[in-house]
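1. With the input below, show me the fold.
(4 chains)
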There are 2 protein chains.
Amino acid sequence: MDDGHIPSSSQSPWLPFESRRRARDEKREAVLRTAVALFLEQGYHGATLNEVARRLNITKPALYNYFRGKDEILYECWSIGNELVDDCIAETSASTGSGLSKLRKLIVRYAELMTEDYGKSLVRFDLRDLSEDNRKIVQTAKRRIDGAFRDYIAEGVEDGSVKPCDAKLAAFAIAGSLNWIGHWFQPGGEMTGRAVAEEFAIRLTEGIATTATRKTARKAAVPAAEKADKPPRNGNAPREDESEHHTRAAARAAGQSKRARGRLR
Amino acid sequence: MDDGHIPSSSQSPWLPFESRRRARDEKREAVLRTAVALFLEQGYHGATLNEVARRLNITKPALYNYFRGKDEILYECWSIGNELVDDCIAETSASTGSGLSKLRKLIVRYAELMTEDYGKSLVRFDLRDLSEDNRKIVQTAKRRIDGAFRDYIAEGVEDGSVKPCDAKLAAFAIAGSLNWIGHWFQPGGEMTGRAVAEEFAIRLTEGIATTATRKTARKAAVPAAEKADKPPRNGNAPREDESEHHTRAAARAAGQSKRARGRLR
DNA sequence: CCCGTATATTACCCGTGGGTAAAAAATAGT
DNA sequence: ACTATTTTTTACCCACGGGTAATATACGGG
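-> Numbering: from 1, shown residues only, chains lettered A, B, ... in the order given. Below you'll find the model as predicted:
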């Protein structure tokens, strides 16, 4: 009778526990995915927890097994987006090149983030809907992001790849343009998120790049991350960014595991 | 004009108990001024009509003599901002010059609007809080504004003042940058709204202009050194914007009179 | 088979705030 | 001064939705 199906339980006593914890995390994430989509779709105040639950085929109180309340769900959505931004910055900072080159890399990654749900949550959600503590965390993180843009610009000014300019205002101009993507972009349009991102990287740095001598500016200034030397008419050659996707995915997974997990009561 | 008395409160037609004999329209406008400030300060959902009324030294039901409901107040706030934008576009369109020149003018005016309450209401308020009808009106108006940017860019491309580019995306980039001003600018900072506006007009067109704006660009590029000690150069003096203020004020008054006024029950 | 734990459901509470009816106060006209 | 109209207040309703307590169900281990 010892057909021994499902050996997992007999072999490792703590594996079931692990699998259960994993299942729990997966449910938690499912809640967040649903919530972020609904919040973006109907607005935080327009969306109800009943509707979130309904889309998950559960009922509202079940959500409270994973989150303390609505505002915590909002915060967690934002938190995931923030981790993705952190990854962008980390990857960019780790790269070598001029300040301008780093700036362009950050713009591409950040812009593409703004075309995704969790990225949008960074700019579409209202700080005032968060608890006092979480609001402070978000504000600090926002300053950090702004600082990254500013630092790259300043770095570019020093190494000569960027024209002398007010780094603060230039960063506001660039970041504002990018953040606004999160307000108008919706998948299914004529351009993919990546296409928008790369176009913006060029457009937003054309004005401050020193090498902006007419047409040569583009090609010379964007050698590494740019494959647009071919007419930007076709969206082919999605190959060179494979490594980036790998890195992105890995960092994201790591981020998730390291993020504060749902209260294990 | 000078209603100088009782410095304790701001400008409320209801101030003390008597002397409540002002025109209906003025009261209506006072409500909107208070409401737009509160909505921006606490968010539409965070702000209550009770608080709006309290700041005006009246009670909530009194508001319903001038507006049908909260969402109509929101719409009227937006509507005033929209009229101001319309004025910007009209003035710009009436001016002569290259497409680039018009674009810059529009940017300056639009940017400065974004530093004011009614301008901010254009980009900080959520369409979904409006009634179905009003939402459609707003959406149409938004497209019109976007179209103005796009048209000037296209015009500039044709007359050679602007480099060939995707007008749609360029407009998104510029308008996004400007709209974001409405999210971060608050009076009392180190820069005035006008200063920000002029800086942005240069920065945002540097990338797409065919003629590099030498001197203006240079001036803008070295703000840190002499930004503080630089009063308006030449004889323009601090009142060089008088004409525009005149135009603005006149147009605004006209707009108010032509805007649908409070339901005359 | 039973028990303990985690998870989910039913049923409910209740604070909030938009909105309203009716009375009161102010205002204007004659 | 009296009346008609507008404006404002007092007092109230109630829908909505976040949140909770009590209960039921699923499940793994002994």
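2. which residues in chain A form helices?
-> Under the criterion DSSP state H, chain A contains helices at A:7-11, A:15-42, A:49-55, A:60-63, A:70-94, A:99-113, A:117-124, A:132-159, A:167-184, A:193-206, A:216-221, A:242-258.
3. Out of those helices, the one nearest B:Ile145 is which?
-> Of all the helices of chain A, it is helix A:167-184 that lies closest to B:Ile145, at 12.5 Å by C-beta to C-beta. Every C-beta, even on glycine, is put in place using the N, C-alpha and C of the backbone.
4. Output that closest one as PDB, nothing but the C-alphas.
-> The C-alpha atoms that make up helix A:167-184 are tabulated as PDB, following Å, rounded to 0.1, in the frame of the first residue of the first chain:
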ATOM      1  CA  ALA A 167      20.900  70.000 -13.000                       C
ATOM      2  CA  LYS A 168      17.900  70.400 -10.700                       C
ATOM      3  CA  LEU A 169      15.700  72.000 -13.300                       C
ATOM      4  CA  ALA A 170      16.900  69.700 -16.100                       C
ATOM      5  CA  ALA A 171      16.100  66.700 -14.000                       C
ATOM      6  CA  PHE A 172      12.600  68.100 -13.300                       C
ATOM      7  CA  ALA A 173      12.100  68.500 -17.000                       C
ATOM      8  CA  ILE A 174      13.200  65.100 -17.900                       C
ATOM      9  CA  ALA A 175      11.600  63.200 -15.000                       C
ATOM     10  CA  GLY A 176       8.400  65.200 -15.600                       C
ATOM     11  CA  SER A 177       8.200  64.100 -19.200                       C
ATOM     12  CA  LEU A 178       8.800  60.500 -18.200                       C
ATOM     13  CA  ASN A 179       6.400  60.500 -15.300                       C
ATOM     14  CA  TRP A 180       3.700  61.800 -17.600                       C
ATOM     15  CA  ILE A 181       4.100  58.700 -19.700                       C
ATOM     16  CA  GLY A 182       2.400  56.900 -16.800                       C
ATOM     17  CA  HIS A 183      -0.600  59.100 -17.400                       C
ATOM     18  CA  TRP A 184      -1.200  58.700 -21.100                       C
END
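5. between it and helix A:132-159, how many degrees?
-> If you take axes from the mean of the first three to the mean of the last three C-alpha atoms, to 10 degrees, helix A:167-184 sits at 120 degrees to helix A:132-159.
6. what's the distance between helix A:167-184 and the middle of its chain?
-> 15 Å (C-alpha atoms, centre = their mean, to the nearest Å).
7. ditto for stretch A:133-149
-> 14 Å.
8. ok, how many other residues are close to the nearest residue to A:Lys27 once chain neighbours are set aside?
-> Setting aside the residues directly before and after it, A:Lys27 is nearest to A:Tyr66 in space (C-beta to C-beta, 6 or more residues apart in numbering or on different chains), at 6.7 Å. For A:Tyr66, the neighbour count with other C-beta atoms under 10 Å in any protein chain shown is 20.
9. Then the one 3 residues further on?
-> With neighbours defined by other C-beta under 10 Å, the count for A:Gly69 comes to 12.
10. what's the distance between it and B:Asp25?
-> With the distance defined as C-beta to C-beta, to the nearest Å, A:Gly69 ends up 44 Å from B:Asp25.
11. What are the phi and psi values at the residue of the stretch 1-150 of chain A found nearest chain B?
-> Closest residue of the stretch 1-150 of chain A to chain B, C-beta to the nearest C-beta: A:His45 (4.4 Å). Per-residue torsions, A:His45: phi -80, psi -30 (degrees, to the nearest 10).
12. Quick check: it vs A:Phe39, distance?
-> In terms of C-beta to C-beta, A:His45 sits 9 Å off from A:Phe39.
13. Looking at those two, which has the bigger crowd around it?
-> Legend: neighbour count by other C-beta under 10 Å for A:His45 and A:Phe39, higher for A:Phe39 (25 against 17).
14. from memory that one sits against A:Glu76, does it?
-> No. Because the distance of 11.3 Å does not satisfy C-beta atoms under 8 Å, A:Phe39 is recorded as not touching A:Glu76.
15. ok, which residues in the stretch 51-200 of chain A are in contact with DNA strand C?
-> A:Ala53, A:Asn57, A:Ile58, A:Thr59, A:Lys60, A:Pro61, A:Ala62, A:Asn65 (C-beta under 7 Å from any atom of the strand).
16. Next one: the closest residue to DNA strand D within the stretch 1-150 of chain A relative to A:Val52, how far apart?
-> DNA strand D sits closest to A:Gly69 of the stretch 1-150 of chain A, with a gap of 3.0 Å, by C-beta to the nearest atom of the strand. Counting by C-beta to C-beta, the gap from A:Gly69 to A:Val52 is 12 Å.
17. Can you name the residues that contact the residue nearest to A:Gly99 when sequence neighbours are not counted?
-> Nearest-residue entry for A:Gly99: A:Gly156, 2.8 Å, with adjacent residues in sequence omitted and distances by C-beta to C-beta, 6+ apart. Applying C-beta atoms under 8 Å, 6 or more residues apart in numbering or on different chains to A:Gly156 gives the contacts A:Ser98, A:Gly99, A:Leu100, A:Lys102, A:Leu103, A:Val162, A:Ile208.
18. Phi first, then psi, for the residue of the stretch 1-150 of chain A closest to DNA strand D.
-> phi -180, psi -180.
19. Let me see the confidence value for it.
-> If you check A:Gly69, the pLDDT there is 98.
20. about what we covered before: weed out the non-buried ones from the residues of the stretch 51-200 of chain A next to DNA strand C.
-> A:Ala53 (16 or more other C-beta atoms under 10 Å in any protein chain shown).
21. quick one: which of the residues of the stretch 51-200 of chain A next to DNA strand C is nearest to B:Tyr152?
-> A:Ala53 (48.3 Å).
22. how about the nearest residue to the closest one once chain neighbours are set aside, what does it touch?
-> Of all residues not flanking A:Ala53 in the chain, A:Lys60 sits nearest, at 4.7 Å (C-beta to C-beta, 6+ apart). By C-beta under 8 Å, 6+ apart, the residues touching A:Lys60 are A:Leu49, A:Asn50, A:Val52, A:Ala53.
23. and of those residues, the nearest to DNA strand C?
-> Closest approach to DNA strand C among the contacts of A:Lys60 (C-beta to the nearest atom of the strand): A:Ala53, at 6.7 Å.
24. Spatially, and excluding backbone neighbours, which residue is closest to A:Ala197.
-> Nearest non-adjacent residue to A:Ala197, counting by C-beta to C-beta, 6+ apart: A:Ala111, 3.6 Å away.
25. Spell out which residues of chain A are next to chain B.
-> Those residues of chain A that sit near chain B, judged by C-beta under 8 Å from any C-beta of the partner chain, are A:42-43, A:45-46, A:126, A:128-129, A:163-166, A:169-170, A:172-181, A:183-184, A:196, A:199-200, A:203-208, A:212.
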